[in-house]
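Enquirer: Just to be clear, the model below is a prediction. Sequence and coordinates:
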Amino acid sequence: RFYPEKGLAAHLIGYVGAKTVLPTGPINDGDPLFQSVMGKSGFEQIFDQKLTGKPGLNKMIFDKNGEKILNEPIKRPRPGGNVVTTLDLDWQRYAEQVLREDCKRGAFVVIDIQSGEVLVMASRPTFDLNEFIPYITTERYKELQIDPSAPLFGRAFQSSYPPASTFKPVVALAAINNGSIHPDQTFDCPYKIKIGRKWFHNHSEGYEGWVDARRALAKSINPWFYQVGIKTGPQAFLSVARRLGFGSKTGLPLIGEAVGNAPTADYIMKKMGRSTTQGDTANLSIGQGLMLASPLQVAQSMAAIGNGNVLMELQLVRQIQDFHGRVIEAPTFKKRNDLNLSPTALETIHDGMRDVVHASYGTGQRANLGFTTMCGKTGTAQWKDDPKQGLAWFSGFFPYDNPRYAFAAVYEGAPGETVGGGRKAAPMVGRFFLNFKTEIEENLLPAARAMIISEEDGQPIISGDMIPKAIVVEDEEALSTSTIPLPTLGNGEIPVDIPRAIIVEDEEALSGNPAIPTTSQGLTEIPADVPKAIPVIPADRSANKPPLPTVPDEEVIPEAIPVKPEIPGDTPRKPPEIPSDR
């Protein structure tokens, strides 16, 4: 193995380790002559049988003095196959560059809304896969394991974070969809609201006035969501959340994928020893408390909201080829489930998310691309208490009229660092997509929110320019019959433990998720005469950063942290009280 891109998509590709031990003494019949390897993590492990070739066989005869007098090949080795991913090589490279230059720890995911293909799955920090070739020492592997920045941890899909305000569109969508509120209904939004015996604050001081759903999303006004979440009911909006993919795995071929948590009433009872309170509901309504999600899940939810009709089954594998490069398996593009959401509710949420980026009071203006209309949502959370650590999100989709790309970016703040979704995560997203302005403009389709399905076979009609460049995982060594020794390990083995997910907010929440069926990666047999797929590697593009406008930020004060009643507020009127449910 040799990995020319070093750490690119390392958490997805994975690494290999020794499969056989070479004889150290006399060679007996059937002994291996060269070291063979097997996948130990990632795609290398999942698709090991597809990537591994068949060994050859040599007949060797030695005389009584140990001199070789015959070495005759009986069976030639057969190379392994190739796995072609959906990752866009150029986009993945630049996403990792943006993360490398703009944050020390974070993740970025991009999804094609119409096909469900994952185009970018980037985590920072990463590690060089070539460190495992020809072998990695136990000492070096231990260094990677105990590194505080956790380079072996794939934050894009193995993490469980509080989604914070990126979850607010789900609450508003559920409330309008089930008739708890109408799209233009307003709620009085002071600086703080008393719920039960505690006060819950907005992220910024000052009276917001009477606010509707669109403005509440654009300004990320916590008191609106406290009230609407309680009015709607936690299981009502969490049911919609599960429909959008929260609380269950995506069904992608991933090792160590985080499930997240969209807690059921039974789980809350088991976890807290009581029924769900209005305080719990207030926390959940702004994406905190027991609510947890990975960047991949947040991006998936944005793809579903952008599509509006269905949650597509995500794809990471475009095709599997034999050693001749012929396509033998390819995925079918299909829906995971229908959303059954009202067009009015969707339009309201889309409008509010558009205003996040394009209104003068929006919290995500730093992501404005200029050449298209983006729908987004910032998010800021207190992630850890000791030491105090913040988390910044920006997620969404574009264009507004015909959503094509969905995304989620997360920025892990350092201990004590002041972070905000509008200040840290949104600029990374804007910088990334501006770099591909020309390509994106060419790919944007005429307005139509749903996928087009052909009547003949039920498969989506996807134009050629929708297919991005591919990252190919291939069995490179098997293509040669040379006698170059294959990788070996210093101690004969590599630890195969997958790094554990970083525990955030609530360790037990990871085990109490509702049993939502996950989908498998459907692969369909393709005739052997299908033309070869040739991955395209375009030239590098400019990495210039766009200027950042001065915009209002979503305050970094931790959301949904109860404030003691004696702390005074600065609202000009008495805050409305919500009766206690205890």
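Expert: Now that the structure is in, tell me what you want to look at.
Enquirer: quick one: low-confidence ranges for the protein?
Expert: 20, 33-35, 386-387, 445-582 (pLDDT under 70).
Enquirer: rerun at 80
Expert: 1, 18-37, 55, 134, 383-387, 445-582 (pLDDT under 80).
Enquirer: longest helix in it, by residue count?
Expert: Criterion DSSP state H: the longest helix present in the chain is helix 343-358.
Enquirer: which residues touch it?
Expert: For helix 343-358, contacts defined as C-beta atoms under 8 Å, 6 or more residues apart in numbering pick out 169, 172-173, 176-177, 183, 213-218, 220, 305-306, 308, 361-365, 367-368, 373-378, 396, 400. Where you see a C-beta, it was placed from the backbone N, CA and C, and this is true even at glycine.
Enquirer: Which residue ranges of the stretch 301-450 of the chain form strands?
Expert: 310-312, 317-321, 327-331, 335-338, 375-385, 388-398, 405-412 (DSSP state E, counting those that start in this stretch).
Enquirer: got JSON lines for those, with distance to residue 425 and mean neighbour count too?
Expert: Below are those laid out as JSON lines (distance: least, C-beta to C-beta, whole Å; neighbours: other C-beta atoms under 10 Å):
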{"stretch": "strand 310-312", "distance to residue 425": "24", "mean neighbour count": "22"}
{"stretch": "strand 317-321", "distance to residue 425": "28", "mean neighbour count": "22"}
{"stretch": "strand 327-331", "distance to residue 425": "30", "mean neighbour count": "19"}
{"stretch": "strand 335-338", "distance to residue 425": "26", "mean neighbour count": "16"}
{"stretch": "strand 375-385", "distance to residue 425": "7", "mean neighbour count": "27"}
{"stretch": "strand 388-398", "distance to residue 425": "4", "mean neighbour count": "27"}
{"stretch": "strand 405-412", "distance to residue 425": "5", "mean neighbour count": "30"}
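Enquirer: Out of the ones you listed, which gets nearest to residue 205?
Expert: strand 375-385 (15.4 Å; C-beta to C-beta).
Enquirer: Give me the distance between residue 431 and residue 273.
Expert: The gap separating residue 431 from residue 273 is 46 Å, by C-beta to C-beta, to the nearest Å.
Enquirer: ugh, wrong one, I meant residue 45
Expert: When residue 45 is compared with residue 273 (using C-beta to C-beta), they lie 40 Å apart.
Enquirer: For those two, indicate the residue with more neighbours.
Expert: residue 45 (19 against 7; other C-beta atoms under 10 Å).
Enquirer: Pretty sure that one sits against residue 256.
Expert: No. Counting by C-beta atoms under 8 Å, no contact exists between residue 45 and residue 256, whose distance comes to 10.8 Å.
Enquirer: Now the common contact residues for these two.
Expert: Joint contacts of residue 45 and residue 256 (C-beta under 8 Å, 6+ apart) do not exist.
Enquirer: residue ranges for the helices of the stretch 101-250 of the chain, please.
Expert: 138-146, 155-158, 168-177, 213-219, 222-232, 234-243 (DSSP state H, counting those that start in this stretch).
Enquirer: Mind putting the ones you listed into a markdown table with distance to residue 277 and mean neighbour count?
Expert: Putting the helices of the stretch 101-250 of the chain into a markdown table (distance: least, C-beta to C-beta, whole Å; neighbours: other C-beta under 10 Å) gives the following:
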| stretch | distance to residue 277 | mean neighbour count |
| --- | --- | --- |
| helix 138-146 | 40 | 13 |
| helix 155-158 | 31 | 28 |
| helix 168-177 | 17 | 27 |
| helix 213-219 | 23 | 25 |
| helix 222-232 | 10 | 25 |
| helix 234-243 | 10 | 22 |
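Enquirer: Mind putting those into TSV with distance to residue 91?
Expert: As requested, those are arranged in TSV below (distance: least, C-beta to C-beta, whole Å):
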stretch	distance to residue 91
helix 138-146	26
helix 155-158	13
helix 168-177	25
helix 213-219	28
helix 222-232	33
helix 234-243	28
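Enquirer: Out of the ones you listed, which gets nearest to residue 443?
Expert: Nearest of these (C-beta to C-beta): helix 155-158, 22.5 Å.
Enquirer: returning to what we had before: closest to residue 87 out of the helices of the stretch 101-250 of the chain?
Expert: Here helix 155-158 is closest among the helices of the stretch 101-250 of the chain (C-beta to C-beta), at 11.3 Å.
Enquirer: Show residues contacting that closest one.
Expert: Contacts for helix 155-158 (C-beta under 8 Å, 6+ apart): 11, 105-109, 121-124, 250, 252, 254, 256-258, 294-296, 410, 412, 499, 501-502.
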